[in-house]
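Enquirer: when you get a sec, could you give me coordinates for this:
(2 chains)
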Amino acid sequence: MELPHTGDMQYRVTGATERKVFEDAARALFSTITDLKTIEPKEERRIEAFGQVDKELFINFLRKALDLFNDDGFVARDCRVTTFAINGGDWLCSLQATLSGERFDSKKHPYRTEIKAVTYHGTELKEMKQGWEATFTLDL
Amino acid sequence: MQKTELTVGGVRLVQRTANSWEIPKEGGMRVPGRVYASRKMLEELEHDRALEQVKNVAYLPGILDVSLGMPDIHWGYGFPIGGVAATDIETGVISPGGVGYDINCGVRLLRSNLRLEDVKPKVRDLVVALFAMIPTGVGSEGAAGTLSIEEVDRILNGGVGVIIRKGFGTPEDQEWIEQQGFLSWADASAVSDKAKQRGSKQLGSLGSGNHFLEIQVVEEIFDEEAARVFGLAKGMITVLIHSGSRGLGYQVCDDAVHAFTTIGKTKYGIELPDPELCSVPLHSPEGQQYWAAMAAAAHFAWSNRQVMTHVARQVFRETLRISDRTLGMDLVYDVCHNIAKKEEHVLHAERGAKRRVEVCVHRKGATRAFPPGHPDLPEVYRETGQPVLIPGDMGRASYVLKGTQKAMEETFGSCCHGAGRVMSRHASMRACKGKNLRDEMDRFGVEIRAHGYRTIAEEMPHAYKDVSEVVQVMHDEGISLKVAKLRPLGVIKG
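Expert: Residues are numbered from 1 along each chain as shown, chains lettered A, B, ... in the order given. Sure, this is the predicted structure:
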């Protein structure tokens, strides 16, 4: 769900589990760039992210996902978080995820907007009565 | 005058002049806040957090005199967009949020020898050709092709002159750019490889969102003398380019924000009401690294606008089959909207003493507006003051103003930077439901090319404040004075 916010794009994602919320947030990020329905799952990319708390992990995960596009023009239709650890080691939280999609092709994928960055602006990650909810803002 | 008090969005404001309001110092604020706006504009900020952000900025260590908000102010990352703050060089901080993600996002105005009647039947052809030649939109590759990292480094260190010497433009262009497109403290080695990678493919690209290249006509002149000096006349065709440092600048900001968010507090003990204001002392090693990287990114932005200028000239020449001399497409000026720089100012506390001190001025969504006589201006503009370029939305108008001494006294030589959004992108999309946007833009008489319905819908004039009202506030307060009004004829967007 997109929230009203002048200037930037703010999203609220809800899901049964924290992991599911992460996955859907990545999809929301790519839906800002183009229409997910036009993306075919031709290739897979793996990413890894760390953070001292889950909120930081969440932001770093979305930054890594955005890097796939910025570094290599990759847009993802789906995201699967394969390992999800909220404690252990020097870094308290870590995850690995597999994203499926393809290289951005302007003939096939409609342009939406460029994302300048994933920001800490109004980021929230919380457990609700039922499931989880994440709020995050993209600087456009 | 009866002093009115208002509370907007939980922030108390005391009227100080017809169009300016003081936010009294309270809590941890080191200085008061001040916002330039009409009462109507202020009241429109009820559900925006921009005024609270003006207050938050006043907490920054080393902030001097006042935390400022311009009439186009709206909610931004940490700092409001349309915010200005000066910090002490010795004891103050630098905040990447006070510059913004798009470092040296700015505008450049080109004049020409063409008249409206020469170009009117060709506007569509020009817009189509510009759209074909200047890459726009998501992930677009720049008109300068893919650069090696060494070439990126040369631009980051050397400024806009490097790209001019490569043949993109003429040596005279450099004279008409803020700081001549060169910041001596820029250092490519302070910029991450990742930022350079992102930039290597994007030199000479417009980007998306609110960035644009517009063909315009000078519709109205308010100040004949200044307009003459700026090379503008009624009925003249102009081109306005609004773009920034692309992925390179975004990455420099992102790198700094993520580094400073932790160390600002843990290493330097800086406590702020909003973590997004993340700052470090300017003189700290981290502060100096960002300072050098920001300047390098500013070089990239100027070079980006320079490459697009070169392409625009080419398109005009070829489409209209005229020579460069007939075209006469020279720079009026190029100004930064998102930057921090060391400048000399007289502080309020020292007004009596009239001692000029060097301060670090953060301008985020604000334009430098230097007065007549300022040594940093090109010789030709010393009498008039600096051209201040204020783009509006794509349907209505843009303005050229001139800087004043009052701006030096009140706003660290700064003015507003645009119309400022009033509607979120989402709300703007919703307001477009069921409308034919091409017809809407036809109603404004503007030929538009963009990559998608969505960009046009998000950027429709209704999403912005009326730039004429914004500019009027600056004019009436004497911060910058109106010189000319420009009306869009054609626009390309991302």
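Enquirer: give me the neighbour count for B:Pro375.
Expert: Counted with other CB atoms under 10 Å in any protein chain shown, the neighbours of B:Pro375 add up to 7. The C-beta positions use only the backbone N, C-alpha and C, and glycine is treated the same way.
Enquirer: swap that for B:Lys120, please
Expert: B:Lys120: 11 neighbours (other CB under 10 Å).
Enquirer: also the one 5 residues further on?
Expert: B:Asp125 is surrounded by 15 other residues when neighbours are defined as other CB under 10 Å.
Enquirer: which residues touch it?
Expert: Shown in contact with B:Asp125 (CB atoms under 8 Å, 6 or more residues apart in numbering or on different chains): B:Thr319.
Enquirer: quick one: stretch A:121-131 near chain B?
Expert: Yes. Using CB under 8 Å from any CB of the partner chain, stretch A:121-131 comes into contact with chain B via A:His121.
Enquirer: report the contact partners of the closest residue to chain B within chain A.
Expert: Residue of chain A nearest chain B, by CB to the nearest CB: A:Tyr111 (3.6 Å). For A:Tyr111, the residues meeting the contact criterion (CB under 8 Å, 6+ apart) are A:34, B:137-138, B:208, B:451-452, B:454-455, B:494.
Enquirer: what's the spacing between B:Leu232 and B:Asn113?
Expert: 12 Å (CB to CB, to the nearest Å).
Enquirer: host element of the residue most central in space within chain A?
Expert: Central residue of chain A (CA atoms, centre = their mean): A:Ala26, 2.3 Å from the mean position. In this structure, A:Ala26 sits in helix A:18-33 according to DSSP states H and E.
Enquirer: pLDDT on that helix, on average?
Expert: The average pLDDT for helix A:18-33 rounds to 95.
Enquirer: buried ones in the next helix or strand after it?
Expert: The element immediately downstream of helix A:18-33 (helix or strand, assigned by DSSP H and E) is strand A:43-51. For strand A:43-51, the neighbour count (16 or more other CB atoms under 10 Å in any protein chain shown) marks A:45, A:47, A:49-51 as buried.
Enquirer: count of neighbours near residue 92?
Expert: Chain wasn't specified; assuming chain A. A:Leu92: 16 neighbours (other CB under 10 Å).
Enquirer: sorry, should have said chain B
Expert: B:Gly92: 23 neighbours (other CB under 10 Å).
Enquirer: got it, and B:Arg124?
Expert: Neighbour count for B:Arg124, taken as other CB under 10 Å: 12.
Enquirer: which phi and psi does the nearest residue to it once chain neighbours are set aside have?
Expert: Distances taken as CB to CB, 6 or more residues apart in numbering or on different chains place B:Glu447 nearest to B:Arg124, at 5.3 Å, with adjacent residues excluded. In terms of degrees, to the nearest 10, the main-chain angles of B:Glu447 are phi -90, psi 120.
Enquirer: how near is B:Glu447 to B:Arg438?
Expert: Separation of B:Glu447 from B:Arg438 (CB to CB): 10 Å.
Enquirer: who has more neighbours out of these two?
Expert: B:Glu447 (20 against 12).
Enquirer: my guess is that one meets B:Ala129, correct?
Expert: No. B:Glu447 lies out of contact with B:Ala129 (CB atoms under 8 Å); the separation is 11.8 Å.
Enquirer: any common contacting residues for the two?
Expert: By CB under 8 Å, 6+ apart, no residue touches both B:Glu447 and B:Ala129.
Enquirer: around chain A, which positions in the stretch 251-400 of chain B sit nearby?
Expert: Residues of the stretch 251-400 of chain B found near chain A (CB under 8 Å from any CB) are B:251, B:253-254, B:257, B:261, B:275-276.
Enquirer: got CSV for those, with pLDDT too?
Expert: As requested, those are exported to CSV (pLDDT from 0 to 100):
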residue, pLDDT
B:Gln251, 96
B:Cys253, 96
B:Asp254, 93
B:Val257, 93
B:Thr261, 87
B:Pro275, 84
B:Glu276, 86
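Enquirer: about what we covered before: more neighbours: B:Leu232 and B:Asn113, which one.
Expert: The neighbour count for B:Leu232 versus B:Asn113, taken as other CB under 10 Å, is higher for B:Leu232 (22 against 15).
Enquirer: the more buried one touches B:Thr238, doesn't it?
Expert: Yes. Counting by CB under 8 Å, B:Leu232 touches B:Thr238, with 7.2 Å between them.
Enquirer: joint contacts of the two?
Expert: B:111, B:218, B:332.
Enquirer: just give me the closest of those to chain A.
Expert: B:Val332 (27.6 Å).
Enquirer: can you tell me the element that closest one falls in?
Expert: Per DSSP H and E, B:Val332 falls inside strand B:331-336.
Enquirer: which helices and strands does that strand pack with?
Expert: strand B:106-110, helix B:285-320, strand B:367-368, strand B:387-390 (3 or more CB pairs under 8 Å, 6 or more residues apart in numbering or on different chains; DSSP states H and E).
Enquirer: which stretches of chain A aren't confidently modelled?
Expert: Within chain A, the ranges that satisfy pLDDT under 70 run A:1-7, A:88-91.
Enquirer: mind redoing it with 80?
Expert: Within chain A, the segments meeting pLDDT under 80 span A:1-8, A:87-91.
Enquirer: tell me the confidence at B:Arg165?
Expert: Predicted confidence (pLDDT) for B:Arg165: 96.
Enquirer: interface residues of chain A facing chain B?
Expert: That would be A:2-9, A:33-34, A:63, A:67, A:69-71, A:73, A:104, A:106, A:110-114, A:116-117, A:119-121, A:139-140, which are the residues of chain A within reach of chain B (CB under 8 Å from any CB).
Enquirer: filter the residues you listed down to just the buried residues.
Expert: Taking 16+ other CB under 10 Å as the criterion, what is buried in the residues of chain A next to chain B is A:2, A:5-9, A:33-34, A:63, A:67, A:69-70, A:104, A:111-114, A:116-117, A:119-121, A:139-140.
Enquirer: and those residues, which of them are in strands?
Expert: Among these, the ones falling in strands (DSSP state E) are A:2, A:9, A:117, A:119-121, A:139.
Enquirer: farthest-separated two in the residues you listed?
Expert: The distance between the two most remote of these (CB to CB) is 18.6 Å, for A:Glu2 and A:Tyr120.
Enquirer: rewinding a little: how close does the residue nearest to the centre of chain A get to B:Asp125?
Expert: A:Ala26 sits 42 Å away from B:Asp125, going by CB to CB.
Enquirer: likewise for B:Met441?
Expert: Distance of B:Met441 to B:Asp125, given as CB to CB: 17 Å.
Enquirer: for stretch B:406-414, what is the average pLDDT?
Expert: Stretch B:406-414 comes out at a mean pLDDT of 97.
Enquirer: SS state for the nearest residue to B:Pro71 once chain neighbours are set aside?
Expert: Excluding its sequence neighbours, the residue lying closest to B:Pro71 (CB to CB, 6+ apart) is B:Val473, at 4.2 Å. Following DSSP: H, G, I helix; E, B strand; the rest coil, the label given to B:Val473 is helix.
Enquirer: helix or strand right after the helix or strand hosting B:Leu126?
Expert: According to DSSP H and E, B:Leu126 maps onto helix B:123-133. Using DSSP H and E, the next helix or strand after helix B:123-133 towards the C-terminus is helix B:149-158.
Enquirer: who's in contact with that next one?
Expert: B:147, B:162-163, B:182, B:186-188, B:191, B:193, B:196-197, B:199-200, B:203, B:248, B:296-297, B:299-300, B:303.
Enquirer: export whatever helix or strand comes next after that helix to CSV, keeping only CA atoms.
Expert: Next in sequence after helix B:149-158, counting helices and strands by DSSP H and E, comes helix B:160-165. Taking Å, rounded to 0.1, in the frame of the first residue of the first chain, the C-alpha atoms of helix B:160-165 are listed here in CSV:
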residue,chain,number,x,y,z
VAL,B,160,33.0,21.1,-15.6
GLY,B,161,36.1,22.4,-17.4
VAL,B,162,37.2,18.7,-18.1
ILE,B,163,34.0,17.9,-20.0
ILE,B,164,34.1,21.3,-21.9
ARG,B,165,37.7,20.6,-23.0
